[in-house]
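Novice: just a sequence and a predicted model for now, questions to come.
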Amino acid sequence: MKIAFISLNREKLPDPVIPVGILYIIANTPEHHQKELWDLCFEDKPKDFLRSKIGSFNPEVIAVGIRNVNNNSYTGIEDNLNYYKSIFSEIRSLTKSKIILGGSGFSIMSEEIMQFLKPDLGIFGEGEETFNSVLETLEDRRGDFSQIPNVLYFNDNKLEVNKRSNNFVDINSIKKPAIEYLVSDYFDFMGINSIQTKRGCTYNCKYCSYPKIEGNICRLRTPSKVAEEIRSCQEQCGNINHFFIVDSVFNSPAEHAKQICRELIDANLKTPWTCYCNPIDFDEELAELMSEANCRGVEIGADSGNNKILQKLHKGFDTTAILNISKLCKKNGIKDCHTFMLGTPDETIEDVKITLEFIEELKPFCSIIMPWFSYDMASDKPKTHNSILEMLKQYSKTKNNCIIPCLNKNFDQKLFKFLRKKNFQGPLWYHIDLVL
């Protein structure tokens, strides 16, 4: 069959994000299918682009990936959903191809998005094996999807939701992402490639969607396979100058993270990299190994500087652990970027003040500060405490090493383009000290 894979994401703040999920699906779709990737991220006129592609390729199946529901400033979902709706309407007007929807954003609210966009089928969670089962059913023209786990479909306009599979994909058996399908703009623009060393998250942060997307059982890649993928990516694309490890938490379990670092050191791979880390199980040995393996920065979901709030969010650590990871990073030449959320449910203004005071004590290389947004379902408008926004406006006037997306504080497309044109590499928060 002819299969078109469409990546809908057009978010470029702070950088375009490689659609690693759909690249895994492409790589693990049998080779007897004809496959194309249509990435809308860099297309000025996405509908014109789709008209041309559908007309020339005439696909039988269109697999659509939704990565984001929110925008990157977390201030709304309406614009993204309406954009997706307009693209789906355009596709429907051009072809009778089967439309299959998946992706991390879809997995978070799959039933709602199915009802809103009305694709033929949806796949939530890991897609490599499920997608191939759907293709086999389409090829055999059986049309019975009822026995395929993790699938949603319409039966006489009624949405059917199949059970979630209790089995996960063997992450060591699947092929690495098909980066050869990517347009060169990603690496030309930012030079960053995405690497996955595991799937699943065992933590229970109250608000987090990762367990819903990847499950709460951790599946580890063999460290030597990670090192080999990094090497082969560099050989394949000479303009990669940084790697971002996209695991929800790189240092969980800590021993696996240490072994990854040892493999990178033994393989003499010099390309710098960044990862997400949790203050839990971050010790001096890990910090030293990460530094020696050319880790140049970590992004830490600190979330709050108030122990009462950390406990309510089920973070599993306290402010002492946050101070410890920051200290170890500084000692080993690793830049630390901490994310904080202000005004979470039941959090008072006094609680917020404690977090802002803690950031002063922490002295991170960079902090990303976001008000907690909830949604008025009647108007689909974001809501937050106006008093918190006013507090942040005052705070931002004197604090330069922070990023506040909702206020455009150090979060501006012109600034980001300027930094990239000046050949600043790695995540853009790395360079916040140079734009003060």
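Specialist: Cool, the structure landed.
Novice: use CA for all of it now, contacts and neighbours both
Specialist: Fine.
Novice: OK, contacts around W38?
Specialist: Neighbour list for W38: A4, F5, I6, S7, L50, K53 [criterion: Cα atoms under 8 Å, 6 or more residues apart in numbering].
Novice: mind checking the SS state of it?
Specialist: Secondary structure assignment for W38 (DSSP: H, G, I helix; E, B strand; the rest coil): strand.
Novice: restricted to strands, list the contacts of W38.
Specialist: Using DSSP state E, the subset of the contacts of W38 located in strands is A4, F5, I6, S7.
Novice: report the buried residues of stretch 184-193.
Specialist: Y186, F187, F189, M190, G191, I192, N193 (16 or more other Cα atoms under 10 Å).
Novice: check those residues and tell me the two furthest apart.
Specialist: Pairwise distances across the buried residues of stretch 184-193 peak at 11.3 Å for F189 and N193 (criterion: Cα to Cα).
Novice: mind giving me the domain ranges of this structure?
Specialist: 2-161, 184-434 (automatic domain parsing).
Novice: just checking, which helix or strand of the protein averages the lowest pLDDT?
Specialist: For the chain, the helix or strand with the lowest mean confidence is strand 381-383, at a mean of 46 (criterion: mean pLDDT, DSSP states H and E).
Novice: can you say which of the contacts of W38 are buried?
Specialist: By 16+ other Cα under 10 Å, the contacts of W38 give A4, F5, I6, S7, L50 as buried.
Novice: make JSON lines out of those and add pLDDT.
Specialist: JSON lines is the format used below for the buried ones among the contacts of W38 (pLDDT from 0 to 100):
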{"residue": "A4", "pLDDT": "98"}
{"residue": "F5", "pLDDT": "98"}
{"residue": "I6", "pLDDT": "98"}
{"residue": "S7", "pLDDT": "97"}
{"residue": "L50", "pLDDT": "98"}
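Novice: closest one of those residues to I349?
Specialist: Of the buried ones among the contacts of W38, the one sitting nearest to I349 (Cα to Cα) turns out to be S7, at 40.4 Å.
Novice: the strands in the stretch 101-250 of the chain, which residues?
Specialist: Using DSSP state E, counting those that start in this stretch, the strands of the stretch 101-250 of the chain run over residues 121-123, 151-155, 158-161, 192-195, 198-199, 219-220, 242-245.
Novice: make JSON lines from the ones you listed and add mean pLDDT and distance to F57 to it.
Specialist: Rendered in JSON lines, the data for the strands of the stretch 101-250 of the chain read as follows (pLDDT from 0 to 100; distance: least, Cα to Cα, whole Å):
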{"stretch": "strand 121-123", "mean pLDDT": "98", "distance to F57": "21"}
{"stretch": "strand 151-155", "mean pLDDT": "97", "distance to F57": "25"}
{"stretch": "strand 158-161", "mean pLDDT": "97", "distance to F57": "30"}
{"stretch": "strand 192-195", "mean pLDDT": "96", "distance to F57": "28"}
{"stretch": "strand 198-199", "mean pLDDT": "96", "distance to F57": "34"}
{"stretch": "strand 219-220", "mean pLDDT": "97", "distance to F57": "37"}
{"stretch": "strand 242-245", "mean pLDDT": "97", "distance to F57": "33"}
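Novice: quick one: closest of these to Y181.
Specialist: strand 192-195 (13.4 Å).
Novice: and E292, what is it in contact with?
Specialist: C261, I265.
Novice: for it, phi and psi?
Specialist: Backbone geometry at E292, expressed as degrees, to the nearest 10, gives phi -70, psi -30.
Novice: quick one: pLDDT of it?
Specialist: Looking at E292, its pLDDT stands at 98.
Novice: if I look at it, how far off is F411?
Specialist: 31 Å (Cα to Cα, to the nearest Å).
Novice: with D144 instead?
Specialist: D144 is 48 Å from F411, by Cα to Cα.
Novice: more neighbours, those two?
Specialist: Between D144 and F411, counting by other Cα atoms under 10 Å, F411 is the more crowded of the two (20 against 11).
Novice: mind checking the SS state of the more buried one?
Specialist: coil.
Novice: that one and K12 touch, don't they?
Specialist: No - counting by Cα atoms under 8 Å, F411 stays clear of K12, with 11.2 Å between them.
Novice: max-length helix in this structure?
Specialist: helix 78-94 (DSSP state H).
Novice: and it, what other elements does it pack with?
Specialist: Under the contact criterion of 3 or more Cα pairs under 8 Å, 6 or more residues apart in numbering; DSSP states H and E, helix 78-94 touches helix 46-57, helix 110-117.
Novice: please save the CA atoms from the last one in PDB.
Specialist: Output in PDB follows, covering the C-alpha atoms of helix 110-117 (Å, rounded to 0.1, in the frame of the first residue of the first chain):
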ATOM      1  CA  SER A 110      -7.800  10.200  22.400                       C
ATOM      2  CA  GLU A 111     -11.500   9.800  22.700                       C
ATOM      3  CA  GLU A 112     -12.100  13.600  22.700                       C
ATOM      4  CA  ILE A 113      -9.900  14.100  19.600                       C
ATOM      5  CA  MET A 114     -11.500  11.100  17.800                       C
ATOM      6  CA  GLN A 115     -14.900  12.800  18.300                       C
ATOM      7  CA  PHE A 116     -13.600  16.200  17.200                       C
ATOM      8  CA  LEU A 117     -11.600  15.200  14.100                       C
END
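Novice: and that helix, what's its mean pLDDT?
Specialist: 96.
Novice: how far off centre is it?
Specialist: Computed by Cα atoms, centre = their mean, to the nearest Å, the chain-centroid distance of helix 110-117 equals 20 Å.
Novice: pull out the buried residues from it.
Specialist: S110, E111, I113, M114, L117.
Novice: how much space separates the residue nearest to the last one when sequence neighbours are not counted from V298?
Specialist: What it means is L117. Once flanking residues are discounted, L117 sits nearest to K85: 5.9 Å by Cα to Cα, 6 or more residues apart in numbering. Look at K85 and V298: by Cα to Cα, they are 36 Å apart.
Novice: more crowded one of these two?
Specialist: Per other Cα under 10 Å, whichever of K85 and V298 has more neighbours is V298, with 25 against 16.
Novice: who does that one bridge with?
Specialist: C275, D336 (DSSP bridges).
Novice: from K163, how far out is I26?
Specialist: In terms of Cα to Cα, I26 sits 24 Å off from K163.
Novice: these two: which is more packed in?
Specialist: I26 (26 against 13).
Novice: where does the prediction get shaky in the stretch 51-200 of the chain?
Specialist: For the stretch 51-200 of the chain, applying pLDDT under 70 flags the ranges 70-78.
Novice: and which of the buried ones among the contacts of W38 is nearest R67?
Specialist: Nearest to R67 among the buried ones among the contacts of W38, with distances taken as Cα to Cα, is S7, at 8.1 Å.
Novice: give me the beta-bridge partners of the closest one?
Specialist: Here S7, judged by DSSP bridges, has bridge partners D39, G65.
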